[in-house]
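K.L.:
no sequence for this one, just the structure:
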């Protein structure tokens, strides 16, 4: 080729620029010698991937052209490709070294990075397998209904004995209110703990107790009896009030039959209408008086006053403080009409027995519905 004097300076400048560009790029060191093969005796049986990688590296090193014969742009591309190949090779060698160090393989290369720095796998499962979770047995909630003494007292109609077997009035109430004593019925009219209200009628509707007696030594304004336990407790209450100087306590009405209550309620409706009657008198089949466990007291001083006089009398004050000691509660108190369904009646006492009355008093309850965890019954 002939020398072109006009192009020589331009060519020399381009050559110098390429030389300077090439010097600014750091190339991976060229392999001066082929990578020596690994003796067959030292090759692990599972190192196939690592051997193949090493073979490709040796072939690439042998066939690679010199950097001086490659244009600048191609040399830059080779720099990037060479770095990637170097990274892949390092990873392959690390995995191969880890495989060689596993059981059944050759010893791992001490210069290779630990396998944990490359990939983290799940923890090793012990030879005996995963541990078995031990679950402690949970004891069943004890209930009075599983107690032979309790169920025997229930079967015998011994209310006081059943309450004692349950652990007392508070324990009995808690068991019933929480629902763990399904053998206890709050609808059984023969039980002292029976609850009747505008949503809970008698079954049968014309129920009549079989143990009605007149209280001893208590002034009765009409011939009206009580169940035996309530009659005996009323006698004790009246005597205690007199001994305490509160005055004499008599009573106007106790048990009323279904038919008597029909007449009583009808008379209230005739005077004030149904709405007014329902606030102060129960319909037949829904009255506590039908249980034989309720009594309307009056204060007496020579002669006896009316029901409306109880609240402001010394007798009424004493009863509010001490009636629970004899098994009675004031069934309808001020502020409870939205639950009980009736206006306050300071004269209306309900017998539930001494143990339950103590729990009622100490617990600060105002209605039997709240005491036994029942819904309110403000209307029919």
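P.N.:
Received the coordinates, thanks. If you're wondering where the values come from, they're calculated on a predicted model, not measured in any experiment.

K.L.:
strands of this structure, start to end?
P.N.:
Using DSSP state E, the strands of the chain run over 212-213, 226-227, 248-253, 294-301, 303-304, 328-332, 345-351.

K.L.:
with residue 167 as the reference, name the closest of these.
P.N.:
The closest approach between residue 167 and any of the strands of the chain, judged by CB to CB, belongs to strand 328-332 at 20.6 Å. C-beta: built from backbone N, CA, C; applies to glycine.

K.L.:
partners of that closest one in the sheet?
P.N.:
Paired neighbours of strand 328-332 in the sheet (DSSP bridges): strand 345-351 (antiparallel).

K.L.:
quick one: average confidence on the strand it pairs with?
P.N.:
Mean pLDDT, strand 345-351: 98.

K.L.:
where does this structure dip in pLDDT?
P.N.:
1-141 (pLDDT under 70).

K.L.:
show me the contacts for residue 331.
P.N.:
Residues in contact with residue 331 (CB atoms under 8 Å, 6 or more residues apart in numbering) are 288, 294, 340, 345, 348, 349, 350, 367, 368.

K.L.:
who wins on neighbours among these?
P.N.:
residue 349 (28 neighbours; other CB atoms under 10 Å).

K.L.:
count of neighbours near the residue nearest to that residue when sequence neighbours are not counted?
P.N.:
Here the nearest residue to residue 349 in space, its sequence neighbours aside, is residue 328; by CB to CB, 6 or more residues apart in numbering that works out to 4.4 Å. Applying other CB under 10 Å, we find 26 residues neighbouring residue 328.

K.L.:
let the chain start at 7 from now.
P.N.:
Will do, 7 is the new start, and the previous item becomes residue 334.

K.L.:
how close does residue 334 sit to residue 189?
P.N.:
Residue 334 sits at a distance of 26 Å from residue 189 (criterion: CB to CB, to the nearest Å).

K.L.:
mind listing what the residue nearest to residue 355 touches?
P.N.:
Neighbours of residue 334 in contact, by CB under 8 Å, 6+ apart: 239, 240, 243, 325, 355, 356, 357, 358, 363.

K.L.:
kindly report the same for residue 243.
P.N.:
255, 325, 328, 329, 332, 334.

K.L.:
endpoints of stretch 205-217, how far apart?
P.N.:
With CA to CA, to the nearest Å as the measure, stretch 205-217 spans 26 Å from end to end.

K.L.:
same question, stretch 372-381
P.N.:
Stretch 372-381 end-to-end distance (CA to CA) = 14 Å.
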